[in-house]
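Chemist: Turn this into a model:
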Amino acid sequence: MLKALEDISATKKRLKIEIPSETIESEIQKGLQDVQKKSKLPGFRPGKAPINIIEKKFGKNVEADVLEKVVPEFYMKALKEADLKPVSRPKMEEPMNFQRNVPFSMTLTVEVRPRIENLNYEGITVKDVPMDVKDDEVEAVLKNLAEEKGTYESTNDAVATDDLLTVDYTTEEGTDAKDVILKVGSGPYPEEFFDGLIGKKKDEEFELETSFPEDVQSPFAGKKPKFKIKIKEVKRRSIPPIDDELGKDLGFDNLQSLRDKARESILAAKNREADRIKQLEIVDKLVSSHEFEVPEGLVNEETEGMVSEIRAIGKHQETDEDLIKKFRPKAEKSVKASILLEMIGEKEGITVTEDDMKEEIFNFSSRFNLPPENVVKYYMAKDGSLDGLKNSIFEKKTLKSILSKANIEKGEQS
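Modeler: Model prediction:
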């Protein structure tokens, strides 16, 4: 039971908890009896060894098991009694000192979610920018779809950029390669190498000398080899015309149906982006209109995560200390936003169902062309569970709910 609650700060509390000795002793006796039933000790029939012998041999293990069970139970009861929501694991302030038949006391500190008075999130004013789809945007989509349906076909024309070549080559250093396939303009070759290919034809043999940069992923990196090349085949991508046949090939009645669907998809994507911008505006206004202390541990954790991501990219030369100073305000804002959305979501009764999880995994897999099981593996590797995915869905649903209660002002058409 909770004996005392001390406010160290708005987000840090000290709890003094006492577990009655009779509660612990009752659990110990149950544990000893369970061990007795399963024990097979020399000189005794299975399950019939005297309880005092069981206690002498297994007592310490049973005590440890009981404490492992009852301490979390009483900790959770104390949190409920104090109406606290922890945001980190508790820390014991002194070593555990357990004695049989004596009430077990412990003092611990824990960071908790701050209390926010006058939580205000209804009627937030945000601008809605009407979205429009231009004809050239639709045509760009149709062009990309046609290019995706393109196939490479053999040609006797001179080599041009983006052609696929099959070549044999040798070098003065003794390299001998057969049936090498390369795309003109792509791959680990310098520009002057491709320039030497353009204009050549099938069955043509020629020499080509070129310098490879030091940092290119090639066995010729940092060298200037002289190639003797024979072009065995030239293939060029044949792109189908943008017509009714393309529409039918993609599952539509005609080109107009495909064009209408492309326009619809572009508009939907623009509207999603518009909603995202409105939601970001809502988050900014929520954070700026609610002043409260944020848990230090959460800010540190968020800051460290940001610094780790920057370090992984490898584009920053600052020290960790400089990066922490730079990103800490952003981390603090992120933690504030998460706390506010959590509280608003709870107040609005937002929940995340199994169907929500499946839908998000499906959308993620479709967007990045990944099998759904790989999406699950990604989140498990990233967070150790699917809690990160669940929290992301929770925040999205909460923001959607806040947006539905917002005051929308029409902006200029984009």
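
Chemist: low-scoring stretches of the protein, by residue?
Modeler: Scanning the chain with the threshold set as pLDDT under 70 gives 315, 411-414.

Chemist: Could you pull out the strands in the stretch 101-250 of the chain for me?
Modeler: Under the criterion DSSP state E, counting those that start in this stretch, the stretch 101-250 of the chain contains strands at 104-111, 125-128, 151-154, 164-171, 176-183, 205-209, 226-238.

Chemist: Mind listing the strands the first one pairs with, and their directions?
Modeler: It refers to strand 104-111. Strand 104-111 pairs in its sheet with strand 12-19 (antiparallel), strand 91-92 (antiparallel), by DSSP bridges.

Chemist: ok, then the element right after the longest one?
Modeler: Of the helices and strands lying after strand 12-19 in sequence (DSSP states H and E), the nearest is helix 21-38.

Chemist: Show me what the helix or strand following that following helix is packed up against.
Modeler: Remark: after helix 21-38, the chain's next helix or strand is helix 51-82, criterion DSSP H and E. Secondary-structure packing of helix 51-82 (3 or more Cβ pairs under 8 Å, 6 or more residues apart in numbering; DSSP states H and E): strand 2-9, strand 12-19, helix 21-38, strand 104-111. Where C-beta positions appear, they are placed from N, C-alpha and C, glycine not excepted.

Chemist: for residue 385, what are its contacts?
Modeler: Applying Cβ atoms under 8 Å, 6 or more residues apart in numbering to residue 385 gives the contacts residue 379.

Chemist: Using the centroid of the chain, identify the residue furthest from it.
Modeler: For the chain, the residue at maximal distance from the C-alpha centroid (Cα atoms, centre = their mean) is residue 43, at 59.2 Å.

Chemist: my guess is residue 237 meets residue 162, correct?
Modeler: Yes. Counting by Cβ atoms under 8 Å, residue 162 is a contact partner of residue 237 at 6.7 Å.

Chemist: Same question for stretch 37-47: list its buried residues.
Modeler: Under the neighbour-count criterion of 16 or more other Cβ atoms under 10 Å, stretch 37-47 has residue 39 buried.

Chemist: wait, stretch 309-317
Modeler: residue 310.

Chemist: Okay, now that stretch: how far is its last residue from its first?
Modeler: End-to-end distance of stretch 309-317 (Cα to Cα, to the nearest Å): 13 Å.

Chemist: how far is that stretch from where the chain is centred?
Modeler: Centroid separation for stretch 309-317 versus its chain: 18 Å, with Cα atoms, centre = their mean, to the nearest Å.

Chemist: same check, this time on stretch 248-262
Modeler: In terms of Cα atoms, centre = their mean, the centre of stretch 248-262 is found 35 Å from the chain centre.

Chemist: What distance do you get for residue 231 to residue 167?
Modeler: Using Cβ to Cβ, to the nearest Å, residue 231 is found at 5 Å from residue 167.

Chemist: and if you look at residue 362?
Modeler: From residue 362 to residue 167 the distance is 43 Å (Cβ to Cβ).

Chemist: Likewise for residue 78?
Modeler: As judged by Cβ to Cβ, residue 78 and residue 167 stand 75 Å apart.

Chemist: Ok, residue 294 next?
Modeler: Note on residue 294: its distance to residue 167, by Cβ to Cβ, is 62 Å.

Chemist: Of these two, which one has the most company?
Modeler: Each of residue 294 and residue 167 has its neighbours counted (other Cβ atoms under 10 Å); residue 294 has more, 22 against 19.

Chemist: Spatially nearest residue to that one, not counting backbone neighbours?
Modeler: Leaving aside its sequence neighbours, residue 294 sits nearest to residue 335 (Cβ to Cβ, 6 or more residues apart in numbering; 4.9 Å).

Chemist: Next, the contact list for the one you found, please.
Modeler: 294, 295, 298, 299, 302.

Chemist: and of those residues, the nearest to residue 409?
Modeler: residue 294 (30.4 Å; Cβ to Cβ).

Chemist: What are the phi and psi values at that closest one?
Modeler: For residue 294, the backbone dihedrals (degrees, to the nearest 10) come out as phi -110, psi 150.

Chemist: From residue 287, how far out is residue 334?
Modeler: Going from residue 334 to residue 287 by Cβ to Cβ gives 9 Å.

Chemist: Kindly apply the preceding question to residue 65 instead.
Modeler: Relative to residue 287, and taking Cβ to Cβ, residue 65 is found at 46 Å.

Chemist: Kindly report the same for residue 362.
Modeler: The gap separating residue 362 from residue 287 is 32 Å, by Cβ to Cβ.

Chemist: count of neighbours near the residue lying closest to residue 347 once chain neighbours are set aside?
Modeler: Spatial nearest neighbour of residue 347, chain neighbours left out: residue 119 (6.9 Å); criterion: Cβ to Cβ, 6+ apart. Other residues within reach of residue 119, judged by other Cβ under 10 Å, total 13.

Chemist: doesn't residue 344 make contact with residue 119?
Modeler: Yes. Between residue 119 and residue 344 there is a contact under Cβ under 8 Å: 6.8 Å.
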